[in-house]
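Novice: My questions concern the predicted model and sequence given below.
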Amino acid sequence: MQGVKNIDRISSFVQSFYIDDEGRLGEIYKEAKNNNVPVIRPETRELLKTQLLIKKPANVLEIGTAVGYSALFMSDYIACDGVITTIELDEERYNIAKENIKAMNREEKIVSLKGDAAEVLKTLPRDSFDFAFVDAAKGQYIYYLESLFELVKKGGVIFSDNILQEGDVLESHFTVDKRNRTIHDRMREYLYVLTHDERLETAILSVADGVAISYVK
């Protein structure tokens, strides 16, 4: 029990050093949280920022736009002439994201695509991205992977968020709620492929709800 408390204290201590988003971006984040729209957690955001600053990618792929917060956040840390292509299935969120992108004058840097990512990915040019941020339906990650191998250049990075599923992925198949078992099994498979496929070099990190950073060899 003491260990859990210490983890919570450590997390709070670390977050106390983070600088909140300003202006419209900060408003978008707060609105999303108030409306229970999933957005990247502060720890993940900071790790993502440093990865982008190191890589300075020119072409970024995002799977899971939601209301556009993460795409707008990332747009400050990519190459000056860089472009983010982001995909969202939900029509309402897609429309909100488009409005948010327009309100922040980022239409030239962020291209929004609506549709099922598994299908949209098949229409994108091969070897066209330096960096991919995967933050969509967790049960679908495994189905995006082969397309990502086609789309992300050698030397590129695949950054996968929420891979620990609030800790469910640690449990056995039969101890997870029946409604979550398919997602659990698919995420386990996804993590196995990330760490065993010879085309990748992957680090799995227990940051926030878990991230995997994969280098495409």
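Specialist: Looks like it came in fine.
Novice: List the buried residues in stretch 187-204.
Specialist: Neighbour-count burial for stretch 187-204 flags 187-188, 190-191, 193-194, 200, 202, 204 (criterion: 16 or more other Cβ atoms under 10 Å). The C-beta positions use only the backbone N, C-alpha and C, and glycine is treated the same way.
Novice: quick one, what contacts the spatially most central residue of the chain?
Specialist: Most central in the chain under Cα atoms, centre = their mean is residue 135, positioned 3.4 Å from the mean C-alpha point. Contact analysis of residue 135 by Cβ atoms under 8 Å, 6 or more residues apart in numbering lists 38, 40, 62-64, 66, 70, 160-162.
Novice: quick one, phi/psi of it?
Specialist: Torsion angles at residue 135 (phi, psi; degrees, to the nearest 10) stand at phi -150, psi 60.
Novice: how close does it sit to residue 141?
Specialist: Using Cβ to Cβ, to the nearest Å, residue 135 is found at 10 Å from residue 141.
Novice: intersection of neighbour lists for the two?
Specialist: residue 160.
Novice: ok so, going back, which two in the contacts of residue 135 are spaced the farthest apart?
Specialist: Across these, the longest distance by Cβ to Cβ is 15.8 Å; it joins 66 and 160.
Novice: Strands of the protein, start to end?
Specialist: Assigned by DSSP state E, the chain shows strands spanning 59-63, 83-88, 110-114, 129-134, 152-161, 200-205, 211-216.
Novice: These: which one's closest to residue 123?
Specialist: strand 110-114 (8.7 Å).
Novice: helices and strands around the longest helix seen in the chain, which ones?
Specialist: Using DSSP state H, we find that the single longest helix of the chain is helix 181-196. Applying 3 or more Cβ pairs under 8 Å, 6 or more residues apart in numbering; DSSP states H and E, one finds that helix 181-196 contacts helix 141-151, strand 200-205, strand 211-216.
Novice: Can you add mean pLDDT and give the ones you listed back as TSV?
Specialist: What follows is the helices and strands packed on helix 181-196, written out as TSV (pLDDT from 0 to 100):
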stretch	mean pLDDT
helix 141-151	97
strand 200-205	97
strand 211-216	97
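Novice: where does this structure dip in pLDDT?
Specialist: Residue ranges of the chain with pLDDT under 70: 1-7, 166-171, 173-174, 176, 178-180.
Novice: go with 50
Specialist: Along the chain, the model assigns pLDDT under 50 to residues 1-4.
Novice: tell me the contacts of residue 18?
Specialist: 42, 46 are the contacts of residue 18 under Cβ under 8 Å, 6+ apart.
Novice: do that again at 6 Å, thanks
Specialist: When contacts are counted by Cβ atoms under 6 Å, 6 or more residues apart in numbering, residue 18 touches residue 42.
Novice: burial measure for residue 117, as a count.
Specialist: Counted with other Cβ atoms under 10 Å, residues neighbouring residue 117 total 25.
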